[in-house]
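Novice: Have a look at this prediction, sequence included:
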Amino acid sequence: MDIAIDFDGTCVTHEYPLIGRDIGAEPVLKDLVKKGHRLILFTMRSDRKSTTLWARTDEPYLSDAMNWFKEREIELYGVQIIPM
């Protein structure tokens, strides 16, 4: 089964644009992949230049989230960016 998962508030606490704190998603995600499910990161994060006043500019928001998965050896099948 393909499973689309949000990152902020689902995999970690919601602290965008930072990476949030651990909420226990890692073992669950690893178990899903181990059972043959494919994870798709479904997020509004991107690496494009931010135009908002409250966020950092020219920062790798999407890459930060993808690195979270890579560092934990959780395989992503794909990434779907939701346009703002």
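Specialist: Sure, I can see it.

Novice: what are the ranges of the helices in the protein?
Specialist: Along the chain, the segments classed as helices by DSSP state H run 25-34, 61-71.

Novice: Output the below-cut-off pLDDT ranges for the protein.
Specialist: For the chain, the stretches with pLDDT under 70 are 49-57, 84.

Novice: so where's the longest strand in it?
Specialist: Longest strand in the chain, counting residues (DSSP state E): strand 38-43.

Novice: what does that one rub up against?
Specialist: 1-8, 29, 32-33, 62, 65-66, 69, 74-82 (Cβ atoms under 8 Å, 6 or more residues apart in numbering). Backbone N, C-alpha and C define where each C-beta goes, glycine included.

Novice: And those, which of them are buried?
Specialist: Among the contacts of strand 38-43, those classed as buried by 16 or more other Cβ atoms under 10 Å are 5, 7-8, 29, 32-33, 62, 65-66, 69, 74, 76, 79.

Novice: show me the contacts for residue 74.
Specialist: Going by Cβ under 8 Å, 6+ apart, the list of residues near residue 74 reads 26, 29, 30, 33, 39.

Novice: same thing but at 6 Å, please
Specialist: 29, 30 (Cβ atoms under 6 Å, 6 or more residues apart in numbering).

Novice: That one and residue 48, how far apart?
Specialist: Distance of residue 74 to residue 48, given as Cβ to Cβ, to the nearest Å: 24 Å.

Novice: Equivalent analysis for residue 23, please.
Specialist: From residue 23 to residue 48 the distance is 27 Å (Cβ to Cβ).

Novice: Same question for residue 17.
Specialist: When residue 17 is compared with residue 48 (using Cβ to Cβ), they lie 12 Å apart.

Novice: For residue 62, give its distance to residue 33.
Specialist: As judged by Cβ to Cβ, residue 62 and residue 33 stand 20 Å apart.

Novice: now residue 59
Specialist: 28 Å.

Novice: Equivalent analysis for residue 60, please.
Specialist: Residue 60 is 24 Å from residue 33, by Cβ to Cβ.
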